[in-house]
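> Everything below, folded, please.
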Amino acid sequence: MADRPNVIYFQVDNLGYGELGCYGGGVLRGADTRRIDQFAQEGFQLLNFAPEAQCTPSRAALMTGRYAIRTGNHTVAAAGADSGIVAWERTMGDLFSAAGYATMCMGKWHIGDRDGSWPTDHGFDEWYGPPHSYDECMWEKDPWYVPGRDPESYLLEGLKGQKVNEAEKLTYDGKRNIDVEYQRRAFRFMEESTAADRPFLLYFNHSLMHLPVVPRDEYRGKSAQGDWADCLLQLDGDFGALLDKLEQLGISDNTIVVFAGDNGNEEQLLHRGTAGFFEGSYFTGMEAALRTPCIARWPGKIAAGRKSDQIVHITDWFVTLAAMAGLPVPDDRMIDGVDQTPFLSGEQEHSNREGFIYWNGDKLYGVKWQNFKLVLVEQKYFTDPALPLGSPHIINLMTDPKEREPYNQVYYHTWTMAHFGRLLKQFQLSVQREPLIPAGAPVDYTPGGDQGRA
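All right, here's what the predicted structure looks like:
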């Protein structure tokens, strides 16, 4: 098995399109992201990488290769909701574990908070992190919060085949420093796997740039441009340390590394990010929500020094990483991801994907096809109301990247409806073949089974 590549998926929380230097940010955001920028030169930089609009949907889509609306995880899971992916789902962890890989999930899971839905129930040998979101660390700062009366948030840890246990409380200071512990555990996992000559899958979920965006002490004031810039330096340093570890272990050439955001930029004041060239925020259908940085490197296998504006969807990584590792993809369920190996290797110029459908929660917000968007719901920022449109907009992102001119176009582009309609029809037919799993479904739910027909 030594010839099989290691895989590291380094996922950044709420990373706006305009934060990194290689995406037009960097020094314009007060921090030189030199290690990530160098990584982009060594790998393939995607300029049109599409997550889903929220954390939970994106993570569910990545792990299953399926639109989150199919899995019932199409909106952020709240504490105490007793929700998440059902046992029937097969995750990236399941695929790689079945093939003999050592597997680790480090950091936020956010697609299940019950037995049967944990990472260690879905192929991961070990996990450490919060089940939900980092904003729970801010509860203690709320003067109306009463410890003992109100819920408490904990970091959890678990091993495959064992019960998941509470570790320490998730506190404000704990969140500031949590990536040090993630790194310590991840490095130990990499060392042990390498020493055992066993390929590994490391799903590393960094805590930045999720609010509260506050740096740990070693980075505080380092940029001289405030907390946000300090945190960009921290993110860059932590990713650089991971790359250095690969070099130290002598496994860089046989390790696929994907650096990617899970959705668009934060919108809350004090923690606000930016979409740079584009507009809007997460929890919308704007390009800010539908694009986040994504860079992939595998020396000699993924084309180096390349950039592309071709669409790659987050579900595609499920299929693509499996293909690169020589693993089969489940054929007993609807998989929305497509294999992008020929595109990423440089064998072909175009992505294997024309477009995708996008939702916010359970609302269909629109469809993208190449550089066009069919907008069904208008919403610019997370804090804005969502306005369903009686007459949909067609946006040409080449001529209107800020999405400002839906009513004042020279060309109406109505011929694109044939392509949008085709993508929607394909999805509708797929739902007839395999019903959507409802949100909050019991963990033993099976699509099309007795529960599905009830």
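> just the helices in the chain please.
Ranges of helices in the chain, per DSSP state H, are 34-42, 55-64, 68-71, 92-98, 172-195, 227-249, 287-290, 316-324, 341-344, 417-433, 450-453.
> Among those, which comes closest to Ala441?
helix 450-453 (7.5 Å; C-beta to C-beta). Yep, even glycine has a C-beta here, placed from its N, CA and C like the rest.
> so what's Ser430 scoring on pLDDT?
On pLDDT, Ser430 comes in at 98.
> Which residue is the nearest non-sequential neighbour of it?
Spatial nearest neighbour of Ser430, excluding adjacent residues (C-beta to C-beta, 6 or more residues apart in numbering): Met334 at 5.1 Å.
> Give me the phi and psi for the residue positioned nearest the centre of the chain.
Residue closest to the mean C-alpha point of the chain, counted by C-alpha atoms, centre = their mean, is Asp262 at 2.6 Å. In terms of degrees, to the nearest 10, the main-chain angles of Asp262 are phi -100, psi -20.
> Please read off the pLDDT at it from the model.
97.
> can you pull the contacts of the residue lying closest to it once chain neighbours are set aside?
Leaving aside its sequence neighbours, Asp262 sits nearest to Ser58 (C-beta to C-beta, 6+ apart; 4.5 Å). Applying C-beta atoms under 8 Å, 6 or more residues apart in numbering to Ser58 gives the contacts 51-52, 68, 262-263, 314.
> Next one: Ile311 from Lys141, what distance?
Using C-beta to C-beta, to the nearest Å, Ile311 is found at 40 Å from Lys141.
> Please say which of the two ends up with more neighbours.
Ile311 (25 against 10; other C-beta atoms under 10 Å).
> What are the boundaries of the strands in the stretch 351-454 of the chain?
All strands of the stretch 351-454 of the chain, identified by DSSP state E, counting those that start in this stretch, fall at 355-360, 363-369, 372-378, 387-396.
> close enough to count as contact, Ser133 and Val76?
Yes - using C-beta atoms under 8 Å, Ser133 makes contact with Val76 at a distance of 7.0 Å.
> coming back round to it: right, so of the helices of the chain, which gets closest to Thr255?
Among those, helix 227-249 comes nearest to Thr255, with 5.5 Å by C-beta to C-beta.
> Give me the packing partners of the closest one, helices and strands only.
In terms of contacts (3 or more C-beta pairs under 8 Å, 6 or more residues apart in numbering; DSSP states H and E), helix 227-249 is packed against strand 6-12, helix 34-42, helix 172-195, strand 200-206, strand 255-261.
> chain center to the third one: distance?
Think helix 172-195. On the basis of C-alpha atoms, centre = their mean, to the nearest Å, helix 172-195 sits 19 Å off its chain's mean C-alpha point.
> One more: the last one?
Relative to the centre of its chain, strand 255-261 is centred 11 Å away, using C-alpha atoms, centre = their mean.
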